[in-house]
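S.K.: A predicted structure for the sequence below; I have some questions about it.
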Amino acid sequence: MKSYFRLTEFELGRFFTFYLVLIGLTIVSQIIGVIVVSKEYMNEANKMIYQEGLSKQAFIEQQGMISLADWANSKFFLAPIAVCAVTLLIYMFLIWYRDWLGKNTFIYRLLMLPTQRIHLFFAKATTIFMMVLGLFALQAFLIYIAGIVLEWMVPNEFMQTMGVSEVSFTAMHLYMILPATFMEFLLNYGTGIMFVFVFFTAILIERSYRWKGLLFAIGYVVVATAMFMSLIILNKVWNVLPLYPLEWLFLQIILGIIVTASSVFLSHYLLTKKITV
């Protein structure tokens, strides 16, 4: 286990500087965003009330109250989230391929370390997951800070107060990142871990068999995805399996565990039997 933790620390360190850049970009963009959204709303309110003679109540009825939902749907909020998501998706591939394609094929030095090779697989997956969790915590904190900034800039009579869960409900793109309940958090992020394992396995398949492996890798991703989605496909296309919601959830969790375990088993086999140094 010590080697696994050391490998995880090593992998985190390799991306940490760029990760701090992503964090900084998110903080700056979203804080600027809440200031801009607040000022635009108040400028419009001042114009309608003091220049055009509209009462405050009439303005609120016409324009509605401002809330964190307005900020959560702005480009200042969405752009850094998109940048972080795309960056981590790209890095999910680079975390393996830069070791193979970089100078002196660094992957072979990693594979020759006196530890089980599957530890390298788990260390890279843990790195991706920890970075995602870090951004999750940052986003929850920024919603709290944005609420404070909004209270500073907008009078209470124009503002609708919202918590993190309420913002998640009103902004569906945020709901996947910040689920309202702990169970939904486990399901969303558990599914995310499963697909990280699936794509890592696909990369190892491609690296093991090269050009043939590319087709095998694509096939594995398709099969794993189809297996995980099989209950939904069966119900949508043939309208079979009339199950209660809890039964659906239980079976879906079982399928997710099977796909995850299959990916780990296959990756362990490829790292120990097919990838030689």
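M.R.: Arrived safely, thanks for sending. Numbering: from 1, shown residues only.

S.K.: use CA for all of it now, contacts and neighbours both
M.R.: Noted.

S.K.: And for stretch 198-218, what's in contact with it?
M.R.: With contact meaning C-alpha atoms under 8 Å, 6 or more residues apart in numbering, stretch 198-218 is reached by 92-93, 96, 121, 220-221, 224, 259-260, 263-264, 266-267, 270-271, 274-275.

S.K.: try it again with 10 Å
M.R.: 92-93, 95-97, 100, 121-122, 124-125, 192, 194-197, 219-225, 259-268, 270-271, 273-276 (C-alpha atoms under 10 Å, 6 or more residues apart in numbering).

S.K.: Just the ones in strands from those, please.
M.R.: Using DSSP state E, no member of the contacts of stretch 198-218 falls within strands.

S.K.: Which ChimeraX command selects the buried ones in those residues?
M.R.: Those of the contacts of stretch 198-218 that count as buried under 16 or more other C-alpha atoms under 10 Å are selected in ChimeraX with:
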select :92,95,96,97,121,122,124,125,194,195,196,197,220,221,224,259,260,262,263,264,267,268,270,271
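
S.K.: For the stretch 101-250 of the chain, which segments are assigned as helices?
M.R.: Using DSSP state H, counting those that start in this stretch, the helices assigned to the stretch 101-250 of the chain run over residues 106-111, 118-153, 164-170, 172-175, 182-228, 230-237, 245-269.

S.K.: Rebuild the ones you listed as CSV, extending it with distance to Glu11.
M.R.: Below are the helices of the stretch 101-250 of the chain laid out as CSV (distance: least, C-alpha to C-alpha, whole Å):
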stretch, distance to Glu11
helix 106-111, 11
helix 118-153, 6
helix 164-170, 31
helix 172-175, 28
helix 182-228, 15
helix 230-237, 35
helix 245-269, 18
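
S.K.: so which of these gets nearest Lys47?
M.R.: Proximity to Lys47 (C-alpha to C-alpha) singles out helix 118-153 among the helices of the stretch 101-250 of the chain, at 16.3 Å.

S.K.: on contacts alone, who are the packing partners of the closest one?
M.R.: In this structure, helix 118-153 packs against helix 2-46, helix 68-72, helix 75-101, helix 106-111, helix 164-170, helix 182-228, helix 245-269, with contacts taken as 3 or more C-alpha pairs under 10 Å, 6 or more residues apart in numbering; DSSP states H and E.

S.K.: Would you mind saying which of the ones you listed lies nearest Met176?
M.R.: Comparing the helices and strands packed on helix 118-153 by C-alpha to C-alpha, helix 182-228 comes nearest, at 6.8 Å.

S.K.: Quickly note the distance from Leu234 to Phe195.
M.R.: In this view, Leu234 and Phe195 are 21 Å apart by C-alpha to C-alpha, to the nearest Å.

S.K.: brain fart, Lys274
M.R.: From Lys274 to Phe195 the distance is 22 Å (C-alpha to C-alpha).

S.K.: Also Leu204?
M.R.: Leu204 is 14 Å from Phe195, where distance means C-alpha to C-alpha.

S.K.: Likewise for Trp248?
M.R.: 20 Å.

S.K.: cool, and Ile27?
M.R.: Distance from Ile27 to Phe195, by C-alpha to C-alpha: 28 Å.

S.K.: With Leu255 instead?
M.R.: 12 Å.

S.K.: so what sits against both of the two?
M.R.: Ala224.

S.K.: State the distance from Phe169 to Leu150.
M.R.: Applying C-alpha to C-alpha, the value for Phe169 to Leu150 is 19 Å.

S.K.: So for these two, which sits in the more crowded spot?
M.R.: Leu150 (23 against 16; other C-alpha atoms under 10 Å).

S.K.: so what's the more buried one up against?
M.R.: 34-35, 37-39, 66-68, 71, 156, 159-161.

S.K.: how about JSON lines for the residues you listed, with neighbour count and distance to Lys56 added?
M.R.: Formatted as JSON lines, those follow (neighbours: other C-alpha atoms under 10 Å; distance: C-alpha to C-alpha, whole Å):
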{"residue": "Val34", "neighbour count": "26", "distance to Lys56": "22"}
{"residue": "Ile35", "neighbour count": "17", "distance to Lys56": "21"}
{"residue": "Val37", "neighbour count": "20", "distance to Lys56": "19"}
{"residue": "Ser38", "neighbour count": "24", "distance to Lys56": "16"}
{"residue": "Lys39", "neighbour count": "15", "distance to Lys56": "17"}
{"residue": "Ile66", "neighbour count": "21", "distance to Lys56": "13"}
{"residue": "Ser67", "neighbour count": "21", "distance to Lys56": "16"}
{"residue": "Leu68", "neighbour count": "27", "distance to Lys56": "20"}
{"residue": "Trp71", "neighbour count": "26", "distance to Lys56": "21"}
{"residue": "Asn156", "neighbour count": "13", "distance to Lys56": "12"}
{"residue": "Met159", "neighbour count": "18", "distance to Lys56": "12"}
{"residue": "Gln160", "neighbour count": "14", "distance to Lys56": "15"}
{"residue": "Thr161", "neighbour count": "16", "distance to Lys56": "18"}
